[in-house]
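Chemist: give me a model of this one.
(2 chains)
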There are 2 protein chains.
Amino acid sequence: MGRVYNFSAGPAMLPEEVLKTAQAELLDYHGTGMSVMEMSHRSKAFDDIIKKAEADFRTLVGVPDNYKVLFLQGGGWTQFAEVPMNLMKHHKAGYIVTGNWAKKAYEEAGKYGEAVKLASSEDKNYTYIPDCSDLPITPDMDYVYICENNTIYGTEYFKLPNTKGVDLVADVSSCFLSRPIDVKKYGLFFGGVQKNVGPAGCAIVVIRDDLIRDDLPDYVPTMLRYKTQADKDSLFNTPPCWQIYICGLVFQWLLKNGGLTAMAQKNEAKAKIFYDYLDESKLFTGTVRKQDRSLMNAPFVTGDKDLDAEFVREAAEQGLVSLKGHRTVGGMRASMYNAMPVEGVEKLVAFMKEFEAKHQ
Amino acid sequence: MGRVYNFSAGPAMLPEEVLKTAQAELLDYHGTGMSVMEMSHRSKAFDDIIKKAEADFRTLVGVPDNYKVLFLQGGGWTQFAEVPMNLMKHHKAGYIVTGNWAKKAYEEAGKYGEAVKLASSEDKNYTYIPDCSDLPITPDMDYVYICENNTIYGTEYFKLPNTKGVDLVADVSSCFLSRPIDVKKYGLFFGGVQKNVGPAGCAIVVIRDDLIRDDLPDYVPTMLRYKTQADKDSLFNTPPCWQIYICGLVFQWLLKNGGLTAMAQKNEAKAKIFYDYLDESKLFTGTVRKQDRSLMNAPFVTGDKDLDAEFVREAAEQGLVSLKGHRTVGGMRASMYNAMPVEGVEKLVAFMKEFEAKHQ
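Modeler: Model (predicted):
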């Protein structure tokens, strides 16, 4: 059927231009006579790749000099442990639980100290972001943790919590590079790249220098100490070279297309097309409180499971794929990351209208 | 210059046929309309990829049903911690230290219990494999650990240690799939795939069922518990999908080319061509005791640093690249993994002869 519009929550669409470059260079990267998959991570060619990737990322995001950028393995799940292992100096941290991943991170942190649940939206199946203007944060907390965009439930923080001076740690996996951010507001943020940035198998961690500690408990593995990779610019051991290469191509694509400001405009435009229709639809309903709707992941339902399944099936026949919702929410979910063109969302909405007309 | 003969110790050469398949399928995998890099790890298409990869691996290696095969992130280095965290039930294990990686694993294990150095070849810069027929192994040891092929120093175990009934754990990274093995002789073995199997960013762990434990210390992260991934067939979280896909293509290539028996014959033939010349050369000398020479990694020197550098430079001009030795050994190192054709080694030897004639 040719290339499809892939609404998967992740791994997800990548820019076609990036894939074509990777394809063209696959057997011979820039005249080296070898694939990026074959080159030593200590080679000049790969060193140029990782250095340029980091430099472009810093430019894109505006990372100040006193923050390190690390390319790590193990995904977000490994960070759920790595964050408390490294940052819980006083064995206490606050967690705002707005979904499945925030909850897993909160539970994992409990292994390494006191994880305080500051707020939660579990009472309404995580369909909203709690008021974070005056949470019971105390100065003895090592950090306050959020999951900034909740992939499964489709909510997003449009205002960061008032952390009362405590360092903010954020899992930004599913809003990574979707809009400009102010890095200085975070002590650390991390994201698995497989949603908005690149192929699964790499997490990018941005951490302020003073949070990189040496005095950790003995049980912390060498590989789960930020200092290990920070001291070696992510080349302590063999990194996920292919992922770093593809992420680098995505960074170049983003810079060429106006950076994160332009990307935010595009993402807002796509979300507006989708949500405007959703609000007027009599068949489809969004599951999230309006002001907290994610620009990236939009869950919606018809209220009829069989009809939901029919929708997903028929959409796929039109080249609109991976629309099935997560089992904990049901229905459908349209993920509209950076690489999803406006036309993809337009085509989805057109199909939804057609489907609605048939099932009135 | 077209494709080169790449003697890198890893990441290293992949079969050209595999790269061509990956290239052809890069934008549209089997009519799905998307790249393997873009597909959900929960999709039918990816499920088929990982299931076939595991099944082919089991066939190739002859993995019995009571062993699990896991595709993990974090490389061998993460296994240096994960092995003792999971297997040191009685907090004691024996380590045979035959090189840099064995030593790192030994040191890391010391964080989690008593790591006993059973033997070492450090006295002669790891140029040999110690006699392992009667080591001071005691029944209270949870396992005996070896690094089966020492990438940096170019040694290889051609006979496994007598472990006196204690489970054997082996890092097989740089001899992975280079020859048939008897899986039953191991409690666990693991390898980073980036030498002989696929692109950096994945380690394959083969572990006997009864070693997968639930009763681990609290501090062991969810992601570093073998049980976590074993219970979910390596799909607990988003796996390194691209690596698993490429490894799967390599497994298919190996099966099509006669499996590990044929691969061992090819690797022996390549090593014979190389070492036969090395033994008669008056310019080049091997650094390893003859009976312990690795079939995979062959370090050699001229005894003159400037001449070594000249050799590496001139070889590269002939399309024989990545021949520089590791800094701890110096000189040169030719890594001849599965994907290195016989012609590559023949061309290297021809060039060495020519170089020798010029510098007599």
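Chemist: residue boundaries of the strands in the stretch 251-360 of chain A?
Modeler: Secondary structure of the stretch 251-360 of chain A (DSSP state E, counting those that start in this stretch): strands at A:285-286, A:297-301, A:320-321, A:332-335.
Chemist: which residues touch whichever residue of the stretch 51-200 of chain A sits closest to chain B?
Modeler: Of all residues in the stretch 51-200 of chain A, A:A81 sits closest to chain B, at 3.4 Å by C-beta to the nearest C-beta. Glycine gets a C-beta too; all of them are placed from N, C-alpha and C. Residues in contact with A:A81 (C-beta atoms under 8 Å, 6 or more residues apart in numbering or on different chains) are A:E108, A:K111, A:Y112, A:L224, B:P221, B:T222, B:M223, B:L224.
Chemist: and which of the residues you listed is nearest A:G75?
Modeler: Checking the contacts of A:A81 against A:G75 with C-beta to C-beta, the nearest one is B:M223 at 7.9 Å.
Chemist: can you pull the contacts of A:A203?
Modeler: A:A203 touches A:F71, A:L72, A:Q73, A:G74, A:G75, A:G76, A:T78, A:Q79, A:F190, A:G191, A:G192, A:V193, counting by C-beta under 8 Å, 6+ apart.
Chemist: what does A:V18 give?
Modeler: A:I246, A:L249, A:V250, A:W253.
Chemist: which ones among these lie within helices?
Modeler: The helices, defined by DSSP state H, take in A:I246, A:L249, A:V250, A:W253 from the contacts of A:V18.
Chemist: wait, a strand at A:F189?
Modeler: Yes - assessed by DSSP: H, G, I helix; E, B strand; the rest coil, A:F189 belongs to a strand.
Chemist: check contacts around it.
Modeler: Taking C-beta under 8 Å, 6+ apart, we find A:F189 in contact with A:E148, A:V169, A:A170, A:D171, A:V172, A:I181, A:V183, A:V205, A:V206.
Chemist: any of those residues buried? List them.
Modeler: The neighbour count (16 or more other C-beta atoms under 10 Å in any protein chain shown) marks A:E148, A:V169, A:A170, A:D171, A:V172, A:I181, A:V183, A:V205, A:V206 as buried among the contacts of A:F189.
Chemist: thought A:A109 was touching A:A115?
Modeler: Yes - at 4.0 Å, A:A109 and A:A115 qualify as touching, with contact defined as C-beta atoms under 8 Å.
Chemist: now the residue of the stretch 51-200 of chain A closest to chain B: which helix or strand?
Modeler: Following DSSP states H and E, one finds A:A81 within helix A:75-87.
Chemist: got the angle for that helix vs helix B:75-87?
Modeler: Put simply, helix A:75-87 runs at 70 degrees to helix B:75-87, going by axes from the mean of the first three to the mean of the last three C-alpha atoms, to 10 degrees.
Chemist: what comes up buried for helix A:75-87?
Modeler: Within helix A:75-87, the residues scored as buried using 16+ other C-beta under 10 Å are A:75-87.
Chemist: following that helix, which helix or strand shows up next?
Modeler: Criterion used, DSSP H and E; the element after helix A:75-87 is strand A:92-97.
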